[in-house]
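Trainee: Next comes the sequence, and after it the predicted model I'd like to discuss.
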Amino acid sequence: MMRFTSPSRRPAALRPLLVAVAAALTPGATLAAQGGPVSAQDAWVREAPAGRKVTAIFLTLHNTGPTARALVHGTTEVADTLELHEMKRDGEMMRMSPVASITIPARGQVELRPGGLHLMLFGLRKPLAAGDTVRVLLSLDDGSQVAVVAPVRAAGVVP
Ligand SMILES: [Cu+2]
């Protein structure tokens, strides 16, 4: 492990790397440089007060590659189960149901937002308050993974 006692002693060559790491750790951004064409942006989690065992994650998945990819699975340390869900109108009601995968079009994006596609968390292991962050690991159909840090936001706040 390298240590820098003051910023002025950082080798100049390392500065771009440090900036890249800092950017990758910004909540809502993709956590690690995956090298793959799919990344997540604008991720957030709906807050869940004590006693509530369910909440949802929203984000936008971007695909810079020439091939469509699909999100097929996800995990997070704050909940027992993560399911891919969609909301659909059923008569007067909006109902949500699990979907097997969420397609990210080639050179396109898919938006997971309130009232539409989302990631559903079941069996929350702790309350989630605005200001907390949640780490999520998403798996794609080609076996690659996208790590995301999602900030928790108040239930009524839609960015
Ligand atoms: Cu749901």
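Mentor: All right, it came through fine.
Trainee: and the helix or strand where A70 lies, what does it pack onto?
Mentor: Here A70 sits within strand 69-76, counting by DSSP states H and E. If contacts are counted by 3 or more CB pairs under 8 Å, 6 or more residues apart in numbering; DSSP states H and E, strand 69-76 sits against strand 54-63, strand 79-90, strand 102-104, strand 133-140. Yep, even glycine has a C-beta here, placed from its N, CA and C like the rest.
Trainee: Could you dump those into TSV and include mean pLDDT and distance to H73?
Mentor: TSV is the format used below for the helices and strands packed on strand 69-76 (pLDDT from 0 to 100; distance: least, CB to CB, whole Å):
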stretch	mean pLDDT	distance to H73
strand 54-63	98	13
strand 79-90	95	8
strand 102-104	98	11
strand 133-140	98	4
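Trainee: out of these, nearest to the ion?
Mentor: The ion sits nearest to strand 79-90 of all the helices and strands packed on strand 69-76, at 3.4 Å, using CB to the ion.
Trainee: Could you list the buried residues of that closest one?
Mentor: Neighbour counts over strand 79-90 (16 or more other CB atoms under 10 Å) mark A79, L82, E83, L84, H85, M87 as buried.
Trainee: picking that back up, include distance to A147 when you put the helices and strands packed on strand 69-76 into a markdown table, please.
Mentor: Below are these laid out as a markdown table (distance: least, CB to CB, whole Å):
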| stretch | distance to A147 |
| --- | --- |
| strand 54-63 | 12 |
| strand 79-90 | 13 |
| strand 102-104 | 16 |
| strand 133-140 | 5 |
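Trainee: Sheet-wise, list the partners of the strand holding A70 with their directions.
Mentor: strand 102-104 (antiparallel), strand 133-140 (antiparallel) (DSSP bridges).
Trainee: how about a markdown table for those, with mean neighbour count added?
Mentor: Output for those, formatted as a markdown table (neighbours: other CB atoms under 10 Å):
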| stretch | mean neighbour count |
| --- | --- |
| strand 102-104 | 20 |
| strand 133-140 | 19 |
